[in-house]
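Asks: predicted coordinates and the sequence they were generated for:
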Amino acid sequence: MVEMLATLSWTFIEECPIQKDVDDLLIIGEEAIAAYKTIRDSATFTNKRLIIRDAQGLTGKKIEIYSLPYSSITMWSTENSGKLLDFNSEVELWTKAGHFKINLKKGIDIRKFDKLIASVILT
């Protein structure tokens, strides 16, 4: 049996314009559809994968890029935030490589986000 990776977690703060430098990562026929600001960088949904840029270190010059092809996602769940003392919505992705958790800050429409995930995974 394949050993699962540790759960990776990110926080998306708000929807943002798609960064121009993401074009350098795209293959022929791949298009960026939506982007979200993370704590130090951004996450971009394309028609083929989720690309998360993670700036590291004090200066942020070292950048790790996570590329999650939608074909590896086997299941997902979404949970809206509660009304009292629960400010974040949550998205969980189960993949062939491991488990991913995305926290959505207040102001991000969880149902719009859920529809985005469904549209890229199920088509």
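Replies: Yes, it's here.
Asks: tell me where the protein has strands.
Replies: 8-16, 32-38, 42-46, 49-56, 62-69, 73-79, 89-95, 99-104 (DSSP state E).
Asks: of all those, which one is nearest residue 122?
Replies: Smallest distance to residue 122 across the strands of the chain (CB to CB): 10.2 Å, for strand 73-79. No exception for glycine: its C-beta is placed from N, CA and C like everyone else's.
Asks: give me the contacts around that closest one.
Replies: Under the contact criterion CB atoms under 8 Å, 6 or more residues apart in numbering, strand 73-79 has outside partners 89-96, 110, 113-114, 117, 121.
Asks: got the angle between that strand and strand 89-95?
Replies: With axes from the mean of the first three to the mean of the last three CA atoms, to 10 degrees applied, the angle from strand 73-79 to strand 89-95 works out at 170 degrees.
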